[in-house]
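Asks: below are the sequence and a predicted model for it; my questions follow.
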Amino acid sequence: MDTILLATVALIAVALVFDFINGFHDAANSIATIVSTRVLTPGKAVIWAAAFNFLAAFGFGTAVASTIGRGMIDLSVVTSTVIFGGLMGAIIWDLITWYVGLPTSSSHALVGGYAGAAIAKAGFGSLIASGWSKTLMFIVLAPMIGMGFALILSVVCLWLFKGYTPWKVDRWFRHLQLLSAALYSLGHGTNDAQKTMGIIAGVLFTSGYLATFYIPFWVIMAAHAAIALGTLSGGWRIVHTMGSKITKLQPFGGFAAETAGAATLFLASNFGIPVSTTHTITGAIIGVGATKRLSAVRWGVAQQIIWAWVLTIPASAAIAALTYVVLTRFGLR
């Protein structure tokens, strides 16, 4: 096996490891609401979420993958070492935040890591401004859109079910939450798996195995399989934060949060915008809590989460840049 092929295979394997950790870290996004409302047990919830993470491979396009693969970093500066440094920045930051139970964004860890390694090699000129402007803008917009959708949906549902007894409302939304959880997991798989696809396609293109940049079908299947397996493993430390520490949820609130989150993710994916599924569902959960009263949201916990969001891109970029510098000391470029 020649050196280029060996390096390519190794990088694809590392990218799929990141994808697995992404699913593992972000499992809370898909299952926290449905577990905290006790509609499904944790074991059944991860199976439900993982199945729809994988089913998202069929029919939802690759616009986000193209943005990640060629729309954020100048491909002329991308090498195996840059990609490896970027992936390690994302993986290490994900594991740190998983360990302390903070629901940060694997997506922003990946783009931050990728950027950090590229900047370490070629400076800030290696970044493509148009791709970054969308991503940075949606750090703010994604949770706000999720919050807005959740508020509107909650108010509409409260009006539609105002004549029903609490027992009937709870029974209805226990069934509906199965649908909303499935939709959210489809949206999660659609947006997040595509980020790894973009990295793998970038590896294949820069190694000369793709004449033009595109996403091969086997890459789509591998990325969705990896994120589904990660979700199946479950990041239980974060489930508690997402499901109960921000606000207390009932099936009605879980349905509204998941549906609002899914709508936001499908909207962003359609326009090729890599957004944070974590930011999106957190905003939606806060939106649901705010329909009761502002004091129903535990703003201290929300503030801790927001600080983790702010740190994610620079922290993963710093880890990736350090990884790249260390590797160059061993002659790798």
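Replies: Great, that's in hand.
Asks: which strands and helices sit next to the helix ranked longest in the chain?
Replies: Of all segments of type helix in the chain, defined using DSSP state H, the longest is helix 166-206. Packing partners of helix 166-206 (3 or more Cβ pairs under 8 Å, 6 or more residues apart in numbering; DSSP states H and E): helix 3-36, helix 42-55, helix 63-70, helix 80-99, helix 106-122, helix 217-233, helix 251-270, helix 277-292. C-beta coordinates here come from the backbone N, C-alpha and C atoms, glycine included.
Asks: buried residues of stretch 195-215, list them for me.
Replies: 195-207, 210, 213, 215 (16 or more other Cβ atoms under 10 Å).
Asks: give me the low-pLDDT residue ranges for this protein?
Replies: Confidence mapping of the chain against pLDDT under 70 gives the ranges 1, 28-30, 103, 234-249, 292-305, 307-308, 333.
Asks: just say helix, strand or coil for the residue lying farthest from the centre of it.
Replies: Distance from the C-alpha centroid of the chain peaks at residue 163, with 38.0 Å (Cα atoms, centre = their mean). When classified by DSSP: H, G, I helix; E, B strand; the rest coil, residue 163 comes out as coil.
Asks: count of neighbours near the closest residue to residue 227 other than its chain neighbours?
Replies: In space, and not counting its chain neighbours, residue 227 is closest to residue 23: 3.9 Å by Cβ to Cβ, 6 or more residues apart in numbering. Residue 23 has 33 neighbouring residues, counting by other Cβ atoms under 10 Å.
Asks: who's in contact with residue 116?
Replies: Neighbouring residues of residue 116 by Cβ atoms under 8 Å, 6 or more residues apart in numbering: 85, 86, 89, 316, 317, 318, 319, 320, 321, 324.
Asks: how about residue 321?
Replies: Residue 321 is in contact with 85, 89, 116, 117, 119, 120, counting by Cβ under 8 Å, 6+ apart.
Asks: returning to that earlier point: grab the two from the buried residues of stretch 195-215 that are most spread out in space.
Replies: Greatest spacing in the buried residues of stretch 195-215, by Cβ to Cβ: 195 and 207 (19.1 Å).
Asks: quick one: which of the contacts of residue 116 is most hemmed in?
Replies: With neighbours taken as other Cβ under 10 Å, the top of these is residue 86, carrying 35 neighbours.
Asks: look up how far residue 216 lies from that one.
Replies: Distance, residue 86 to residue 216, using Cβ to Cβ, to the nearest Å: 21 Å.
Asks: what's the distance between residue 136 and residue 115?
Replies: Remark: distance between residue 136 and residue 115 (Cβ to Cβ) = 11 Å.
Asks: tell me which of the two has more neighbours.
Replies: Per other Cβ under 10 Å, whichever of residue 136 and residue 115 has more neighbours is residue 115, with 26 against 13.
Asks: grab the nearest non-local neighbour of that one.
Replies: Nearest residue to residue 115, sequence neighbours excluded (Cβ to Cβ, 6+ apart): residue 317, at 5.5 Å.
Asks: between helix 80-99 and the helix or strand harbouring that neighbour, find me the angle.
Replies: Using DSSP states H and E, residue 317 sits in helix 299-329. If you take axes from the mean of the first three to the mean of the last three Cα atoms, to 10 degrees, helix 299-329 sits at 150 degrees to helix 80-99.
Asks: report the inter-axis angle for helix 299-329 versus helix 106-122.
Replies: If you take the same axes, to 10 degrees, helix 299-329 sits at 30 degrees to helix 106-122.
Asks: list phi and psi for residue 164.
Replies: Backbone geometry at residue 164, expressed as degrees, to the nearest 10, gives phi -90, psi 150.
Asks: err, residue 127, not the other one
Replies: phi -90, psi 140.
Asks: which residues touch the residue lying closest to it once chain neighbours are set aside?
Replies: The shortest distance from residue 127 to any non-neighbouring residue, by Cβ to Cβ, 6+ apart, is to residue 115 (6.1 Å). Residue 115 makes contact with 72, 73, 86, 127, 132, 313, 317, 320 under the criterion Cβ under 8 Å, 6+ apart.
Asks: ok, which pair from these is furthest apart?
Replies: Greatest spacing in these, by Cβ to Cβ: 132 and 320 (15.5 Å).
Asks: so how far is residue 271 from the closest residue in space to residue 229 that isn't next to it in sequence?
Replies: Leaving aside its sequence neighbours, residue 229 sits nearest to residue 20 (Cβ to Cβ, 6+ apart; 5.8 Å). Counting by Cβ to Cβ, the gap from residue 20 to residue 271 is 27 Å.
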